Structures are given as structure tokens and as C-alpha cells.
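Student: Generate a structure from the sequence data that follows.
(2 chains)
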Amino acid sequence: MQLYPAIDIKNGKCVRLFQGQFDQETIYNEHPYDVAKQWEDLGATYIHVVDLDGALDGQWVNQEAMQKIIDTVNVPIQTGGGVRTLDDIKQRLDLGIERVIIGTMAIKNPDFVREAVQRFGSKHIAVGIDAKNGKVATHGWEQVSDIEAVDFARTMKAMGVEVIIYTDISKDGTMAGPNIEQTKALVDATGMDIIASGGVSKMQDLENTQAIGVQGTIIGKALYLNAIALDEAIATFERGE
Amino acid sequence: MAIGIIDYGMGNLKSVSNAIQFLGGECFISNDYDALCQADQLILPGVGAFKDAIELIREKKFDTLLKEAQEQGKPILGICLGMQLMFDSSDEFGHHQGLGLLPGKIIKLNVPLKIPHMGWNRLDIQKTAPLFKNLPEEAYVYFVHSYYLETHVDIVSATTYYGKEIQIAAQQGNTYALQFHPEKSGSVGLQILKNFMSL
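Tutor: Next up, the predicted model:
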């Protein structure tokens, strides 16, 4: 199983939010690239970067911070937040990002996802689904829709998408364990590469996500609170030691 | 010593140049035939579709550039799609002629596993020198591909196991081909690029 240590960036700094709420943030490090380097030194083979400003302003204010991360580490990076147009995607891929995650736009305009996959290839596009109790959430997690996450993932598959990042927003940043039941439903119903996200707090959570056949799991807060040792997790879940 | 990274209008080249600069190497990204002729070494990177890429390369006469560089014995490194372009042909969306710098064909990966093959996999080294020197015994590298190489065993320098044994690196003379992305393969990838730079 691929592990994705996460870096959340806001105003160029590495932060963590509590359940996606912008007023509840903690700054962990002034320099996101230091954190990226730290993860790489511990053996990280992929890094997940959340661009929190992009998510609100529609502008790429963290381009420089992203550039520095890319210049610092030599592993693939996926990022989401603020992706609204094909140019936004191109800008990110041109910078050296491996996989761009489309969030809100995928719900607003599924055809946009189809265009993105056709133009940039399914290898470089992922769709982020944020959900609460299996229903898709939108607009920076402030609204929950009637759309079933499983149905939405199937729609995305029909658009050519291969990778879904599934975040249970009732779990994210809570350290309460990922939503195994809903994530498993997604894996079983779609056969897509599902990346589990939200709530991972201990090694047991990684065992649980691995057991349901996800492609990978994103680890955020647990790393910052030293609840999971990244090197140990990589040895166990990526290399099977 | 300068490495010319061939820009034929497809995909991201910055990761490759970043990695080389990180290693203290001198490199430039160019789409200019004359500028690239001055390079001591050439890298052919690439993401995207084979057909579009080969058409752009022929349009820019980079096929001639690479052929001449090969005849002069300049080190040439192809990465991912760039690697696939170096061989005789590809079956990606129809049958297309490649650059023919190395013998072999690119065919659809057909294994009972997820396609595209995306992620880290073991580098099983068949020929250590010169590109795979000074690597750890267990080396992993990063892949993103749906098609793979089939060629004579004697030019294969590395394989991996993904549902079956697949050929992922080849070498003949000073021409090197890598299916995986050294520029995204951590310290192992950096060592491979370093080995190329010291040719």
C-alpha cells in the first residue's frame, strides 16, 4: 500500500486544520519544503500536498511554496485545492507535480474531468471526493449534497478517472480512525484506485485500510503529533517488513 | 559538460532539470536543434501519447539530432515515453514507427493487475555498469506506464516484476533507456542520474 504523508499549505506555511475549518488551524512549520524533506528522509515515496488557499480564493497563491517542495524532494507529489480550469492543471503539471486532484469542479462539472483526463492523461489526474456518511460534500466542506459518493465515483470512472481520493470529513483531523465501512464500499463498488484519507491516527488504522484493498492512505495529523512514525509505517505497509 | 534536455512540446521537463541541478550538474531545456547539438549529453524525457510525441520530434528534426548524437557516441538517456520513443515501434493507439535508436518494440501491458502500472516497484538489475552502480541491494523506482518494452535479453539492463517479468531498462553503447522516472525515484533515482552524468 502506498502511503501519502500530507502537507497542508496556507499562506505559504505548513498548517493543519481541524475538520477542514479554516478558523481552526495550527501552524506546524514556516517552510513546507522542510517538512517535505523530513518526510522524504524518513523514506516517503510520495507526498500529498493540500493547497488550502487555492480552495478559497481560486488563485494559486502557494505556487512558490509548491515550487520549493518540488525543488527539494525527488519523489512524486500530488496536490489538490483551487483547481478550476484546464490551465490550473497545466500550470501544476508544468511545475513538476505528478498528479493533480480535482475537487469541487468535478461535482459542478463532470465534463471538465473528462476534458482533463483526455488532455493530460488519467495517470496525472485524480478526483477528490469529500464525503460525510457516504454523501458527497462540497464548497470547502460547508455543504453536504444528496449525491452518494459511490455513484459519483462511478460517474468519474466513466469519465476515464482511475484514482479517487476519498476523505471522510467527519473524520479528518479528528484522529478518530478513517471511515473503513464507506471506504470499503467505494473500493468494492468501483474497482478504482482508492486512496483513503481522513482520521488516520495509529498503525492499526493503516492495517484496516490496507485490509480493504485501497491503493494508498494519506496520513496527516498523526505524523505531526508523532502518533505514527513514518519510517516504521513505510517499512510495514510499503515494503511489507 | 552540459546536458541538453530535449523539449519537443510535451509534458513536464522541470523535474528532470531540477534533479540534475540538485546533483550539481549543468543542464538546459531546449527545443532548438542547434542549441541541443552543442550538448555533451542528451536526455529525452516525456509524458503523453507516443503518436503525438513522435510527430513533434520528426517535425523538429530531433530524430536526426539523436541519430547523429548516437553515432558520435554521446550519452543519450530516454525516460518513460522518451525511452519508448527510442525503440523501433509502438502499438500505443495504432502501430507507429519509433526512432529506432535501440532494437525492440513497445507493446500493451497485459497483466491481471491495475493498468496503468503506477507506483513504486523493485528494480531488478541485470547489468550493473554503468547506470546502476552504487545502488542499495533492494532498490525501488517509480513507474507510470501502460505499455512496455519487449527486446533482446542481451541489451536489457533491468527488469521488474509486475504480474510477470517486464523489461524496464536497456542499454546499447552509450544509449540508455529507462521505463521508470529516475527524477521521481528518491535517492535511488538521483544515484542513477548521477551515474549518467559521470559517463
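Student: So which helix or strand of the chain has the lowest pLDDT on average?
Tutor: Chain wasn't specified; assuming chain A. The weakest-scoring helix or strand in chain A, judged by mean pLDDT, DSSP states H and E, is helix A:54-57 (a mean of 58).
Student: wrong one, I was asking about chain B
Tutor: Across helices and strands of chain B (mean pLDDT, DSSP H and E), lowest is helix B:14-22: a mean of 91.
Student: what sits up against the helix or strand following the least confident helix or strand of chain A?
Tutor: Following helix A:54-57 in sequence order, the next helix or strand is helix A:63-72 (DSSP states H and E). For helix A:63-72, contacts defined as CB atoms under 8 Å, 6 or more residues apart in numbering or on different chains pick out A:7, A:9, A:12-13, A:31-33, A:36-37, A:40, A:47, A:49, A:51, A:77, A:79, A:91-92, A:95-97, B:14-15, B:18, B:22. All C-beta spots, glycine's among them, are computed from the backbone N, C-alpha and C.
Student: one more time with 10 Å, if that's ok
Tutor: With CB atoms under 10 Å, 6 or more residues apart in numbering or on different chains as the contact definition, helix A:63-72 has outside contacts at A:7, A:9-14, A:31-37, A:40, A:47, A:49, A:51, A:53-54, A:60, A:62, A:76-77, A:79, A:91-92, A:95-98, B:12, B:14-15, B:18-19, B:21-22.
Student: okay, and for the chain, where does confidence drop off?
Tutor: You didn't say which chain, so I picked chain A. Low-confidence segments of chain A (pLDDT under 70): A:17-24, A:54-59, A:139-142, A:172-173.
Student: oops, I was thinking of chain B
Tutor: Along chain B, segments meeting pLDDT under 70 span B:11.
Student: And what about A:A235, helix, strand or coil?
Tutor: Assigned with DSSP: H, G, I helix; E, B strand; the rest coil, A:A235 falls in the helix class.
Student: Now it: closest residue in space, sequence neighbours ignored.
Tutor: In space, A:A235 comes closest to A:E241 once its chain neighbours are excluded; the distance is 4.5 Å by CB to CB, 6 or more residues apart in numbering or on different chains.
Student: surely that neighbour meets A:G43?
Tutor: No. Applying CB atoms under 10 Å, one finds A:E241 not in contact with A:G43, separated by 11.2 Å.
Student: Those two: which is more packed in?
Tutor: Applying other CB atoms under 10 Å in any protein chain shown to A:E241 and A:G43 shows that A:G43 carries more neighbours, namely 19 against 8.
Student: What is the burial count for the residue lying closest to the more buried one once chain neighbours are set aside?
Tutor: Spatial nearest neighbour of A:G43, chain neighbours left out: A:I234 (4.4 Å); criterion: CB to CB, 6+ apart. When neighbours are counted by other CB under 10 Å, A:I234 registers 19.
Student: now B:I6
Tutor: Counted with other CB under 10 Å, residues neighbouring B:I6 total 24.
Student: Skip the chain neighbours and tell me the closest residue to it.
Tutor: The shortest distance from B:I6 to any non-neighbouring residue, by CB to CB, 6+ apart, is to B:L44 (5.2 Å).
Student: what separates the one you found from chain A, distance-wise?
Tutor: Going from B:L44 to chain A by CB to the nearest CB, to the nearest Å gives 17 Å.
Student: Report how many residues lie close to that residue.
Tutor: B:L44 is flanked by 28 other residues according to other CB under 10 Å.
Student: Wait, it touches B:I54, no?
Tutor: No. B:L44 is not in contact with B:I54 according to CB under 10 Å; the separation is 11.2 Å.
Student: Next, show the common contact partners of the two.
Tutor: Listed as contacting both B:L44 and B:I54 by CB under 10 Å, 6+ apart are B:8, B:62, B:81, B:84-85, B:99.
Student: show me the contacts for residue 32.
Tutor: The chain I'm using is chain A. If you count contacts by CB under 10 Å, 6+ apart, A:P32 has them with A:7-10, A:12-15, A:47, A:49, A:62, A:65-66, A:68-69, A:72.
Student: oops, I was thinking of chain B
Tutor: B:4, B:7, B:38, B:60.
Student: Grab the nearest non-local neighbour of the second one.
Tutor: Among residues not flanking B:D7 along the chain, B:N31 sits closest, at 4.3 Å (CB to CB, 6+ apart).
Student: now the last one
Tutor: Ranked by CB to CB, 6+ apart and with sequence neighbours excluded, the top spatial neighbour of B:K60 is B:Y8, at 5.9 Å.
Student: what do you get for the first one?
Tutor: Using CB to CB, 6+ apart and skipping the chain neighbours, the partner closest in space to B:G4 is B:A39 (2.9 Å).
Student: mind listing what the residue of chain A found nearest chain B touches?
Tutor: Chain B sits closest to A:G96 of chain A, with a gap of 4.2 Å, by CB to the nearest CB. Counting by CB under 10 Å, 6+ apart, A:G96 touches A:66-67, A:69-71, A:76-77, B:12-19, B:183-184.
Student: picking that back up, which secondary structure state is assigned to the residue nearest to A:A235?
Tutor: Under three-state DSSP, A:E241 falls in the coil class.
Student: What's the end-to-end length of stretch A:199-219?
Tutor: 8 Å (CA to CA, to the nearest Å).
Student: Ok, stretch B:8-20 next?
Tutor: End-to-end distance of stretch B:8-20 (CA to CA): 19 Å.
Student: From chain A, how far out is B:G100?
Tutor: Distance of B:G100 to chain A, given as CB to the nearest CB: 25 Å.
Student: picking up where we left off before, could you double-check that the residue nearest to B:D7 sits in contact with B:Y8?
Tutor: Yes. The pair B:N31 and B:Y8 qualifies as a contact (CB under 10 Å) at a distance of 6.7 Å.
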